[in-house]
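Visitor: Could you work out the structure for the sequence below:
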Amino acid sequence: GLMSAIYLTQYAKPRTRRWMKPLLEILAGVPTVVYGYFAALTVAPAVRDFAVAIGITWASSESALAAGLVMGVMIIPFVSSMADDSLAAVPNAMRDGSLAMGATPSETIRKVLVPAALPGIVGGVLLAVSRAIGETMIVVMAASGVAALTLNPFASTTTVTKQIVDLLTGEAEFDSAKTLAAFALGLTLFVVTLLLNIVALMVVKRYREAYD
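Guide: Prediction:
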């Protein structure tokens with residue numbers, strides 16, 4: 001997402017930007033169930049065939065890798081859009097000054113534009129990560145939702161949000177083990193999101209002070 005924003009703001013011709021920018025925005029508006037359907041019918045079988053081709057014969061047709069790849073495509077527009085706006089808001093004087101001092105365009109992007117636009121970039125990454133953490137539909141359709149703790153990307157797996165749905169589905173008493181486990185998982189999600197926000201605020205505060 002960041003690389004696409006850098007390309008669109010610094011390298012792409014106006015004609016190219018006119019059709020690539022709306023195309024990225026369209027990806028942000030596609031419902032997650034469509035992504036899940038695409039992951040289950042297209043990406044997951046392709047990942048399994050790739051695993052078999054490289055000698056991993058026990059790869060599942062519903063895997064964490066397939067869900068992760070499609071989820072990555074889903075959150076690209078969020079990072080790209082925020083980074084695009086942040087890079088475009090950097091004063092031209094900073095870019096022109098860097099180029100005038102002899103820096104190459106790539107050095108200017110890496111050492112001047114990206115640090116200056118970092119608060120907006122971090123905000124976009126945080127928004128994308130928060131959406132990925134709370135995503136359920138893609139995991140249900142592409143990773144099968146099997147509650148297995150594994151580091152194998154080619155195996156079936158689940159996520160915290162999917163487990164919350166499973167535990168709260170049905171008629172269970174409020175103080176039952178399933179309901180309490182669902183609340184514990186929800187608290188875990190809350191803590192993780194809170195920590196991400198704290199880190200993002202620290203980064204934004206540091207660089208905003210440096211470039212105001």
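Visitor: secondary structure element for residue 76?
Guide: Residue 76 is part of helix 64-89, with elements assigned from DSSP states H and E.
Visitor: Toward the C-terminus from that helix, list the very next helix or strand.
Guide: Along the chain past helix 64-89, the next helix or strand (assigned with DSSP H and E) turns out to be helix 92-100.
Visitor: picking up where we left off before, and the helix holding residue 76, which residues are buried?
Guide: Residues of helix 64-89 classed as buried under the neighbour-count rule (16 or more other C-beta atoms under 10 Å) are 64-71, 73-87. Using the backbone N, CA and C atoms, a C-beta is placed for each residue, glycine as well.
Visitor: now it and helix 92-100, what's the angle there?
Guide: 100 degrees (axes from the mean of the first three to the mean of the last three C-alpha atoms, to 10 degrees).
Visitor: tell me what helix 64-89 is packed against?
Guide: Taking 3 or more C-beta pairs under 8 Å, 6 or more residues apart in numbering; DSSP states H and E as contact, the helices and strands that helix 64-89 lies on are helix 2-6, helix 14-29, helix 32-38, helix 44-53, helix 118-133, helix 137-142.
Visitor: Just the local confidence number for the nearest residue to residue 28 once chain neighbours are set aside, please.
Guide: Leaving aside its chain neighbours, residue 28 sits nearest to residue 77 (3.7 Å; criterion: C-beta to C-beta, 6 or more residues apart in numbering). The predicted local confidence for residue 77 comes out at a pLDDT of 86.
Visitor: residue contacts, residue 77?
Guide: Neighbour list for residue 77: 1, 24-25, 27-28 [criterion: C-beta atoms under 8 Å, 6 or more residues apart in numbering].
Visitor: Name all residues that make contact with residue 64.
Guide: Residues near residue 64 by C-beta under 8 Å, 6+ apart: 143, 152-157.
Visitor: redo that, cut-off 10 Å
Guide: Under the criterion of C-beta atoms under 10 Å, 6 or more residues apart in numbering, the contact partners of residue 64 comprise 47, 139, 142-144, 148, 150-159.
Visitor: Are any of those buried, and if so which?
Guide: The neighbour-count test (16+ other C-beta under 10 Å) marks 47, 139, 142-144, 153-159 as buried among those.
Visitor: My read is that residue 39 contacts residue 135, right?
Guide: No. The criterion here is C-beta atoms under 10 Å, and residue 39 misses it with residue 135 at 11.1 Å.
Visitor: what sits in contact with each of these two?
Guide: 32, 67, 70-71, 74.
Visitor: residues near residue 4, how many?
Guide: The local packing of residue 4 (other C-beta atoms under 10 Å) involves 19 other residues.
Visitor: Enumerate every residue touching the nearest residue to it once chain neighbours are set aside.
Guide: In this structure, residue 4 finds its nearest non-sequential neighbour in residue 80, 4.7 Å apart by C-beta to C-beta, 6+ apart. Residue 80 makes contact with 1-8, 20-21, 24-25, 27-28, 124, 128, according to C-beta under 10 Å, 6+ apart.
Visitor: mind running it again at 7 Å?
Guide: Counting by C-beta atoms under 7 Å, 6 or more residues apart in numbering, residue 80 touches 1, 4-5, 24.
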